[in-house]
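Colleague: next comes the sequence, and after it the predicted model I'd like to discuss.
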Amino acid sequence: MDYLVNLSTLPVDGQSAERMAKAGVTIRRALPPELRLVVGWVGKHFSEGWASETTVAMTRQPPTCFIATRNRELVGFACHEATARGFFGPTGVDESVRGLGIGRALLFACLNDQKAMGYAYTVIGDVGPSEFYEKTVGAIQIPNSEPGIYAGMLKL
């Protein structure tokens, strides 16, 4: 099921900066020279499909991939404009640092970037943790969105 987020009503993220500072985490746009490192990490920790989508986001100018680092190590990522324009995802956080708010901070980094690009809405495709997106950014289900954009995709 796909979800829709109204970027014009996106709440202000008043938590992430302080939470990330306390956790020693930096959220920033990935740099093109980091492409192989980021894509390799995504493939190792998540999936080759996500690594492919991340490659697309990393090759945009500027990249539409945001990363989370801690002690100069990659601990999370989030992309937009990968599989389709106006889409958010993929996104993931290393298991060892989950629960620190990193996923939330990455989500807001991407959605605010999309808003700055002029998008009024974003689509979160094939949502896993729907309750998180509903609560955090007011995401709503898109009727008749199954099968979504990934229907008919080759098995990886």
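Modeller: Yep, that arrived.

Colleague: residue contacts, the residue nearest to Thr26 when sequence neighbours are not counted?
Modeller: When the adjacent residues along the chain are set aside, Thr26 lies closest to Thr69, with 5.0 Å between them (Cβ to Cβ, 6 or more residues apart in numbering). Heads up, the C-betas are built off the backbone N, CA and C, glycines and all. Remark: with contacts taken as Cβ atoms under 8 Å, 6 or more residues apart in numbering, Thr69 is in contact with 25-26, 28, 75.

Colleague: how does it look with 10 Å?
Modeller: By Cβ atoms under 10 Å, 6 or more residues apart in numbering, the residues touching Thr69 are 24-28, 30, 75-76.

Colleague: now Asn112
Modeller: Shown here is Asn112, whose contacts under the criterion Cβ under 10 Å, 6+ apart are 7, 10, 12-13, 66.

Colleague: from those, keep the buried residues only.
Modeller: Under a neighbour-count criterion of 16 or more other Cβ atoms under 10 Å, the subset of the contacts of Asn112 counted as buried comprises 7, 10, 13, 66.

Colleague: what ranges do the strands span in the protein?
Modeller: For the chain, applying DSSP state E gives strands covering 3-6, 25-29, 65-70, 73-80, 87-93, 121-124, 140-141.

Colleague: can you list the buried residues in the second one?
Modeller: Put plainly, it is strand 25-29. Residues 25, 27 are the ones in strand 25-29 that count as buried (16+ other Cβ under 10 Å).
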